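Trainee: sequence first, then the predicted structure:
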Amino acid sequence: NWNGNLSQRSETKYIILHHRAGDGDVESIHRDHISRGWVGIGYHFYVRKNGEVFKGRPIGSVGAHTVGANHLSIGVCFEGDFEKEQMSAAQISGGRKLLSYLKTLYPHAEVKKHRDFQGTLCPGTQFPFEQICREDKEMTVEDAVEIIQAKVGLEDETIDFLLCYRYGDELVVKLAEALR
């Protein structure tokens with residue numbers, strides 16, 4: 001339920017990344033933003049720690065996430081406080097998939113951090129911006145190892161064993177891609 005009318009965005013120059021600076025579901029952000037007098041959740045998408053992606057505002061509407069750039073951008077918020085914590089491999093993967101999708105819709109949009117527009121640390125000094133912005137096809141062995149460990153829980157020794165084989169790096173990357 002929206003607390004008023006939403007305006008339509010006429011162009012999309014930016015995809016702006018944020019962190020919640022805390023935990024919680026998309027509904028709690030919606031309630032919080034309504035309590036501030038806004039129409040509702042200001043972000044278009046919300047990426048949970050487990051990598052699940054939720055819709056917020058309709059994608060074609062003006063957001064309420066970055067003063068001065070809302071009418072030109074899509075807002076993506078990541079659960080967590082990346083001043084204090086590291087992002088999980090699952091959340092990185094979910095964010096990367098979402099950005100890949102958004103870049104197909106808006107191929108000329110620049111991916112930016114909230115702090116590129118305002119005096120804030122958002123999305124946090126530990127936010128893995130480069131990892132999230134990297135295309136899926138450029139998965140590194142390190143990214144693959146993180147995904148495998150997060151999804152399957154293989155021990156370091158087992159992964160080291162796989163990497164010893166002639167095509168071990170490629171095997172680990174393929175396994176991680178299959179697990180996404």
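Mentor: Received, thanks. These figures come from a predicted structure and were not determined experimentally.

Trainee: show me where pLDDT drops low in the chain?
Mentor: 135-139, 180 (pLDDT under 70).

Trainee: just the strands in the protein please.
Mentor: 14-19, 45-47, 53-55, 73-78, 110-113 (DSSP state E).

Trainee: quick one: contacts of the first one?
Mentor: Contact partners of strand 14-19, identified using CB atoms under 8 Å, 6 or more residues apart in numbering, comprise 43, 65-66, 69, 72-82, 95, 99, 102-103, 106, 109-114, 116-117, 122-124, 127, 129, 132. C-beta: built from backbone N, CA, C; applies to glycine.

Trainee: count the residues that sit near the residue nearest to Val141 when sequence neighbours are not counted.
Mentor: Once flanking residues are discounted, Val141 sits nearest to Asp169: 5.0 Å by CB to CB, 6 or more residues apart in numbering. Look at Asp169: counted by other CB atoms under 10 Å, it has 15 neighbours.

Trainee: state the distance from Asp169 to Thr140.
Mentor: 9 Å (CB to CB, to the nearest Å).
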